[in-house]
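# Any chance you could fold what I've pasted below:
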Amino acid sequence: MPKLPFNMFLGKYTAQLSDGGRLSIPKKIRREVQNGEVILFTGFEQCIYGFNKNTWQETTRTELEKPFFLDHEGRDIRRKINMTATLATLDAQSRIVIPDTMLQFTSISDAITIIGAGDHFEIWDKKTWEEYSKEL
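Residues are numbered from 1 along each chain as shown. Here you go, the predicted structure:
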């Protein structure tokens, strides 16, 4: 079987947000994180997406290759994906700090559900995830 071009984030986990917006990343998710760094991104559903840097670059490459000067929609997408993204680094206790703007966008305050979604993982407010997942 050929090796996939990205790490596989799998499973569903519960977690609690601690002081300062710190989130402990589950071991099975953490094992897939390269070099202790992830790109966090918001913008579609009411959750935070977590990508390895290499996967993020591959995922956004198509948008970044669109002609900047001639494509207004391409400029808007480029703005959206980059202004809502940030680099997060795992600390010694395997936690990341989630920026306040992301916590506000997602309505995350305490109880969290983390899901693996193949090439990325997602961080949801527990109640929001429960409602959203009923439709899956």
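
# Might you list the low-confidence residue ranges for the protein?
Using pLDDT under 70 as the threshold, the predicted model of the chain has low-confidence ranges 1-6.

# Swap in 80 and give it another go.
Using pLDDT under 80 as the threshold, the predicted model of the chain has low-confidence ranges 1-7, 43, 63-64, 66-71, 74.

# Run the chain-centre distance for stretch 52-69.
Stretch 52-69 has its average C-alpha position 16 Å from the chain's average C-alpha position, going by Cα atoms, centre = their mean, to the nearest Å.

# ah, wrong one, I meant stretch 59-73
Relative to the mean C-alpha coordinate of its chain, stretch 59-73 is positioned 21 Å out (Cα atoms, centre = their mean).

# buried set for that stretch?
When burial is assessed from 16 or more other Cβ atoms under 10 Å, stretch 59-73 yields the following buried residues: 59-60, 63. Bear in mind the C-beta positions are built from the backbone N, C-alpha and C, glycine included.

# Pick out whichever of those sits closest to F51.
Sorting the buried residues of stretch 59-73 by distance to F51 puts T59 at the head of the list, at 6.6 Å, by Cβ to Cβ.

# helix/strand/coil for the closest one?
Using DSSP: H, G, I helix; E, B strand; the rest coil, the three-state assignment for T59 comes out as helix.

# and it, what does it touch?
Residues near T59 by Cβ atoms under 8 Å, 6 or more residues apart in numbering: 51, 119-120.

# for G20, same thing?
Shown here is G20, whose contacts under the criterion Cβ under 8 Å, 6+ apart are V97.
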